[in-house]
Every structure is written in C-alpha cells, then in structure tokens.
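Undergrad: Sharing a model that was predicted from the sequence below.
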Amino acid sequence: MAEILIVEDEIPINTLIRKNLELVGHKCSSVYDGQAAVEIIEQHDYDLILLDVMLPGLDGFEVFEKIRGVPTIFLTAKSSLSDRVKGLTMGADDYLTKPFEMLELLARVDAVLRRTKKEAKFFAIDNVTIHFDSRQIFWDGAVIDCTPKEFDLLEALVVNRNIALSREKLLNLAWGYDYEGDSRTVDVHIQKLRKKLGLEERIITVYKLGYRLEV
Ligand code: CA
C-alpha cells in the first residue's frame, strides 16, 4: 500500500478522505495549509499527494511548484475550469472536482499509483493473485479462466476493498453506467467468483445492500 499526504484545509473533508484511504490499507498523513505541506514533503517521501488548490498561505499551485516530482492529484472547486486545466498543464497526474464520491477518489488514487509504479500491479489474497496489467488471475500460480466482466467485478471489489458496495454501484463500476441489466447479474457473477477463487469467506454478502471484499 502507499503513503499518501492529504493537503486540505477543510478538516471534515481531510478526515473523510483519510479514513477512506486508510480503510483500503494506505498510510496517510494530513496537513491543513500550504506551508505545512511543503515542510512535511521535504522531510518525508510520499507516494502520492492529494493537494487542494484553495489553501491558506501558499495555494496548491505554489506548493506543487516546490515539490515537483511527487505524484499529485489536485482537488479543485467545481466552478473553476481554469484551475483544472492549470493543474494538468503544470504536470499534475489527475484532478478531482469537489464534491466527489469517495469511490471515485479511490479509483483515481489507485490509477495514479499504478501508473507511477508505486502501487503493486498485482494484488494477492489467500491463494489468489490478480495481475492488473495482463488481466490474469492465478490460483496457486495456475491461471484461472475468467470472463472480462468477472475480472472487472473483482477489480472493483479489490480497489474498494473493505467497503460495502451496493449491487447498483458494482454494476456501474464493472458494467458501466449505461448498462441496463438488473442487479441479479451481479449476484450470479459474485457466486462464480467466490467458487472459482475460493473466496467464499472473503467476498461477504452485505444484508440488503450488496457485497464487500474483506481483507
Ligand atoms: Ca480549500
């Protein structure tokens, strides 16, 4: 898992982000202004920084200028298109527009960490190893046959591990928002994944909601 610094002056947002990232296993630190961010980054190597643009003291762009080289996702206000464009042209890895859903945050964080090679490109649980680049699943070293949708579903569970996901959310994540199938599809695929991968004890049914991968 990665070490992530959260630079956000709104304390409830900072705390919420930290709790969600810690839930999936990341190690997080929080700071609440630009100067504190620069100082802590000079003393410590982070794999990723979540950097709010509107900060007291130094703003997010000024902080970014001083910390070049550390993978960064900017947190920008919804109204400010120029901030989003500016962040990317400065070389940020991605941006998130506030308010954002935590699942979107986790997906972006995961994508940037994989791209910057800080995040393992595989994930291991019990006898199962998932290789994200080749989209292969191994059981004790042997390749397991799985369909693209089974892989997408498993990936959604892994990225959001320890978080209860509704059937609708899993449909959106694995099949896409324009898919019109019903949520029974998710149940069928979950059953197959549990059986194929021996993850009956890991893929937990969440009563009246959906599923959670317990790690
Ligand atoms: Ca702010």
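TA: On my side now, so go ahead. These numbers come from a predicted model, not from an experiment.

Undergrad: For this structure, what lies in contact range of the ion?
TA: 9, 52, 54 (CB under 5 Å from the ion). Heads up, the C-betas are built off the backbone N, CA and C, glycines and all.

Undergrad: For residue 154, see how far away the last one is.
TA: Same thing as residue 54. 38 Å (CB to CB, to the nearest Å).

Undergrad: more neighbours, these two?
TA: residue 154 (25 against 15; other CB atoms under 10 Å).

Undergrad: From the chain's centroid, how far away is the helix or strand that contains that one?
TA: Secondary structure from DSSP states H and E places residue 154 in helix 148-159. The chain centroid and the centroid of helix 148-159 are separated by 13 Å, computed with CA atoms, centre = their mean, to the nearest Å.

Undergrad: Could you list the residues in contact with it?
TA: 24, 106-107, 110, 123, 125, 130, 132, 135, 137, 146, 165, 170, 173-175, 186, 189-190, 192-193, 196-197, 203, 211-213 (CB atoms under 8 Å, 6 or more residues apart in numbering).

Undergrad: and these, which of them are in helices?
TA: 106-107, 110, 170, 173-175, 186, 189-190, 192-193, 196-197 (DSSP state H).

Undergrad: Quick one, grab the pLDDT at residue 13.
TA: Model confidence at residue 13, given as pLDDT, is 96.

Undergrad: For it, list the residues it contacts.
TA: Residue 13 neighbours (CB under 8 Å, 6+ apart): residue 98.

Undergrad: Got phi/psi on it?
TA: The phi/psi pair for residue 13 (degrees, to the nearest 10) reads phi -70, psi -40.

Undergrad: so how far is residue 115 from it?
TA: 24 Å.

Undergrad: Could you check the helix or strand harbouring residue 114 and say which residues are buried?
TA: Following DSSP H and E, one finds residue 114 within helix 102-115. Neighbour-count burial for helix 102-115 flags 103, 105-110, 112-113 (criterion: 16 or more other CB atoms under 10 Å).

Undergrad: Who are the packing partners of that helix?
TA: helix 11-23, strand 48-52, strand 72-77, strand 94-98, helix 148-159, helix 167-175 (3 or more CB pairs under 8 Å, 6 or more residues apart in numbering; DSSP states H and E).

Undergrad: tell me the most buried of the ones you listed?
TA: By mean neighbour count, with neighbours taken as mean count of other CB atoms under 10 Å, strand 48-52 ranks first of these at a mean of 26.

Undergrad: Check the offset of that one from the chain's centre.
TA: Its chain's average C-alpha position is 13 Å from that of strand 48-52, according to CA atoms, centre = their mean.

Undergrad: What strands flank it, and is each parallel or antiparallel?
TA: Strand pairing for strand 48-52, determined by DSSP bridges: strand 3-7 (parallel), strand 72-77 (parallel).

Undergrad: in the helix or strand following that strand, what counts as buried?
TA: Next helix or strand after strand 48-52 toward the C-terminus (DSSP H and E): helix 60-66. Residues of helix 60-66 classed as buried by neighbour count (16+ other CB under 10 Å): 60-61, 63-64.
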